[in-house]
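Novice: task: produce atomic coordinates for the following.
(one chain, ligands or ions: 1)
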Amino acid sequence: MDLNLKDKVVVVTGGGRGIGEAICLAFAKEGANVVVSNRSFENAVSATDKIHALGLKATPIQTDVSRPEEARKLIGETIKEFGAIDVLVNNAGISPKNQNGEPAMTWEIGLDEWNQVMGVNLNGTLICSQEAIKYMLTRKKGAIVNVSSVAGKAPYEPMATGAHYDASKAAIINLTQRLASEVAEFGIRVNAVAPGRIATPLSKLASPKWNNAMLERTLMGRFGTPDEIASAVVFLASDGASFITGETLNVNGGWIMD
Ligand SMILES: NC(=O)c1ccc[n+]([C@@H]2O[C@H](COP(=O)([O-])OP(=O)(O)OC[C@H]3O[C@@H](n4cnc5c(N)ncnc54)[C@H](O)[C@@H]3O)[C@@H](O)[C@H]2O)c1
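Specialist: Take a look at the predicted model:
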């Protein structure tokens with residue numbers, strides 16, 4: 001199967017660590033030109049250095065996707081510097097917890113925190129997608145992959161996440177379908193992945209109580225790795241998935257099945 005990603009310009013938000021870093025590396029290994037975008041520039045640089053150490057192509061850009069002007073600038077600068085954007089991966093996400101790694105109950109969540117989570121997870125995805133699609137429409141090609149979550153499909157399962165996170169990830173699935181339906185005729189595909197529990201710095205913030213509960217629900221009996229999400233994202237962005245759009249792919253080791 002020819003993934004056809006060589007020399008493609010790929011932007012990954014939140015690419016500085018965890019799942020995003022693995023996604024950047026996986027695209028770079030396919031010969032893509034990867035823009036490693038991250039709120040912490042230090043992390044963007046360290047992920048980029050790891051890619052360069054393998055002799056592969058990557059460029060760090062500092063972006064807080066919850067700031068619309070920064071999100072727009074990310075896409076604009078990419079097009080200016082590399083002459084294109086072929087793939088956008090909306091991966092940046094936050095999941096606030098208390099000091100004990102416990103998610104807040106819905107009635108405890110303040111509107112500021114609610115808006116902060118929506119600002120990163122949902123609005124960031126929206127603004128980056130809007131900018132990328134405006135460009136992709138001029139070329140009649142391109143692919144977007146959004147990172148949702150099992151929490152966006154089954155918030156009633158044991159989750160170390162709050163209602164704001166779960167709602168943002170559900171909205172991403174809906175937005176994926178809406179966007180996919182609007183741009184399908186123009187040669188642009190929009191898909192998502194819904195990871196189960198994945199071992200990353202983010203998941204380590206959750207208390208053992210929640211991590212154990214999620215592990216028990218995962219039929220394969222282990223957490224996933226960032227690489228296992230990255231390979232699904234690369235596939236969905238590639239020509240290997242040329243007839244797939246509007247899909248949200250479960251990558252969860254047999255947790256929920258739909
Ligand atoms: N780890 C899991 O179990 C899991 C499960 C399902 C979904 N996800 C999703 O996968 C994605 C990556 O999660 P992770 O576990 O690698 O998290 P992580 O916290 O380890 O990494 C997230 C990265 O996003 C960056 N980031 C945060 N806010 C940002 C912003 N405003 N602008 C730009 N970058 C920002 C962080 O700096 C960090 O580099 C998230 O969308 C998360 O919701 C994770």
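Novice: now the strands for this protein?
Specialist: 9-12, 33-38, 58-62, 87-90, 142-147, 188-195, 248-251 (DSSP state E).
Novice: could I get those as TSV with distance to the ligand?
Specialist: Backbone N, C-alpha and C define where each C-beta goes, glycine included. TSV is the format used below for the strands of the chain (distance: least, C-beta to the nearest ligand atom, whole Å):
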stretch	distance to the ligand
strand 9-12	10
strand 33-38	5
strand 58-62	9
strand 87-90	8
strand 142-147	4
strand 188-195	4
strand 248-251	9
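Novice: so which helix or strand of this structure has the lowest pLDDT on average?
Specialist: Lowest by mean pLDDT, DSSP states H and E among the helices and strands of the chain is helix 201-204, with a mean of 90.
Novice: pull the residues that contact stretch 216-223.
Specialist: 157-158, 196-199, 203, 211, 214-215, 252-255 (C-beta atoms under 8 Å, 6 or more residues apart in numbering).
Novice: what about residue 205, how many neighbours?
Specialist: For residue 205, the count of nearby residues is 15 (other C-beta atoms under 10 Å).
Novice: quick one: buried residues of the least confident helix or strand of the chain?
Specialist: 202, 203 (16 or more other C-beta atoms under 10 Å).
Novice: how about the strands of the chain, which one is nearest residue 107?
Specialist: Closest approach to residue 107 among the strands of the chain (C-beta to C-beta): strand 188-195, 26.2 Å.
Novice: summarise which helices and strands that closest one is packed against.
Specialist: helix 124-139, strand 142-147, helix 163-183, helix 226-237, strand 248-251 (3 or more C-beta pairs under 8 Å, 6 or more residues apart in numbering; DSSP states H and E).
Novice: with respect to burial, which of the ones you listed scores highest?
Specialist: Highest mean neighbour count of those: strand 142-147, a mean of 27 (counted as mean count of other C-beta atoms under 10 Å).
Novice: average pLDDT for that strand, rounded please.
Specialist: Per-region confidence: strand 142-147 scores 99 on mean pLDDT.
Novice: for it, packing partners?
Specialist: strand 87-90, helix 124-139, helix 163-183, strand 188-195, helix 226-237.
Novice: in the first one, which residues are buried?
Specialist: Residues of strand 87-90 classed as buried: 87, 88, 89, 90 (neighbour count, 16+ other C-beta under 10 Å).
Novice: equivalent analysis for stretch 86-106, please.
Specialist: 86-97, 101, 103-104.
Novice: between the residues you listed, which is nearest the ligand?
Specialist: residue 93 (2.3 Å; C-beta to the nearest ligand atom).
Novice: residues contacting the closest one?
Specialist: 14, 120, 121, 147, 149, 165, 168, 169, 202.
Novice: coming back round to it: could the strands of the chain go into CSV alongside distance to residue 110?
Specialist: As requested, the strands of the chain are exported to CSV (distance: least, C-beta to C-beta, whole Å):
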stretch, distance to residue 110
strand 9-12, 30
strand 33-38, 26
strand 58-62, 28
strand 87-90, 25
strand 142-147, 25
strand 188-195, 27
strand 248-251, 29
